[in-house]
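> Output the structure for:
(2 chains)
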Amino acid sequence: NAGVTQTPKFRVLKTGQSMTLLCAQDMNHEYMYWYRQDPGMGLRLIHYSVGEGTTAKGEVPDGYNVSRLKKQNFLLGLESAAPSQTSVYFCASSRSASGTGQTYGYTFGSGTRLTVV
Amino acid sequence: DAKTTQPNSMESNEEEPVHLPCNHSTISGTDYIHWYRQLPSQGPEYVIHGLTSNVNNRMASLAIAEDRKSSTLILHRATLRDAAVYYCILRSHPYNTDKLIFGTGTRLQVFP
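The predicted model follows:
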């Protein structure tokens, strides 16, 4: 059981280049999330999805786009990378709520370290 | 979103119990209390969560105040591997607006 897999693990981009980060989960989770973490800070939510074909904005969505065409995959795109997007990016997934509202823990990937020069 | 307040840092000696506090005075009736930890250079890891009753699992215990305005994560015997940043987070239902918002957490140092 691989859990949440992020690719690539490291990437260096030049300003203005584009790239896509891939997150894949094999736990049949409904919900998926993209976070970024800057040095010495907590995680900030970029975008999230509560089901296949649906996405929503988080705290810091500007400069990013996402797609959830398949339940198991959540893609994060940078159309024109900027140095301010240098960060570690984490993907997470979670089961949906039960009928009684019971919540479940998130499972996180190991992160993608992105540097924009 | 309801907010949580945690101390910036705490220290412990190895094999001693650790009590990590969290205040959430604006918690609503549908908010679950979640705890995660992040080891150096790793993604966050789920620790435990609860609603009203105290909870135990293989990693830790969660003690929730009767008025639910505060909670405490208890590590019964700290090890060096427990040195991490611990996040206390409220997760709300309904899920069509579900999102886990992280604060700055408590950095736990464990000394041999």
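> Do a quick rundown of the strands in the chain.
Went with chain A since none was named. Assigned by DSSP state E, the strands in chain A fall at A:4-7, A:10-13, A:19-25, A:31-37, A:43-51, A:54-57, A:65-67, A:73-78, A:87-94, A:107-108, A:112-116.
> Wait, chain B was what I had in mind.
Under DSSP E, chain B gives strands at B:9-13, B:18-23, B:32-38, B:45-50, B:55-56, B:61-64, B:70-75, B:84-91, B:106-111.
> Adding mean pLDDT, mean neighbour count and distance to A:S84, write those out as a markdown table.
Backbone N, C-alpha and C define where each C-beta goes, glycine included. Formatted as a markdown table, these follow (pLDDT from 0 to 100; neighbours: other CB atoms under 10 Å in any protein chain shown; distance: least, CB to CB, whole Å):
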| stretch | mean pLDDT | mean neighbour count | distance to A:S84 |
| --- | --- | --- | --- |
| strand B:9-13 | 97 | 14 | 28 |
| strand B:18-23 | 97 | 18 | 31 |
| strand B:32-38 | 93 | 23 | 22 |
| strand B:45-50 | 93 | 19 | 28 |
| strand B:55-56 | 92 | 15 | 40 |
| strand B:61-64 | 96 | 19 | 37 |
| strand B:70-75 | 96 | 20 | 34 |
| strand B:84-91 | 92 | 23 | 23 |
| strand B:106-111 | 96 | 17 | 25 |
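> for the closest residue in space to A:G51 that isn't next to it in sequence, what are its contacts?
Setting aside the residues directly before and after it, A:G51 is nearest to A:E30 in space (CB to CB, 6 or more residues apart in numbering or on different chains), at 5.6 Å. If you count contacts by CB atoms under 8 Å, 6 or more residues apart in numbering or on different chains, A:E30 has them with A:V50, A:G51, A:K71, A:S94, A:R95, A:S96.
> related to what we said a few turns ago, for the strands of chain A, give me a markdown table that also has distance to B:S9 and mean neighbour count.
Listed next are the strands of chain A as a markdown table, based on distance: least, CB to CB, whole Å; neighbours: other CB atoms under 10 Å in any protein chain shown:
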| stretch | distance to B:S9 | mean neighbour count |
| --- | --- | --- |
| strand A:4-7 | 29 | 17 |
| strand A:10-13 | 29 | 14 |
| strand A:19-25 | 31 | 18 |
| strand A:31-37 | 18 | 25 |
| strand A:43-51 | 18 | 21 |
| strand A:54-57 | 32 | 15 |
| strand A:65-67 | 34 | 17 |
| strand A:73-78 | 31 | 20 |
| strand A:87-94 | 21 | 24 |
| strand A:107-108 | 22 | 21 |
| strand A:112-116 | 25 | 18 |
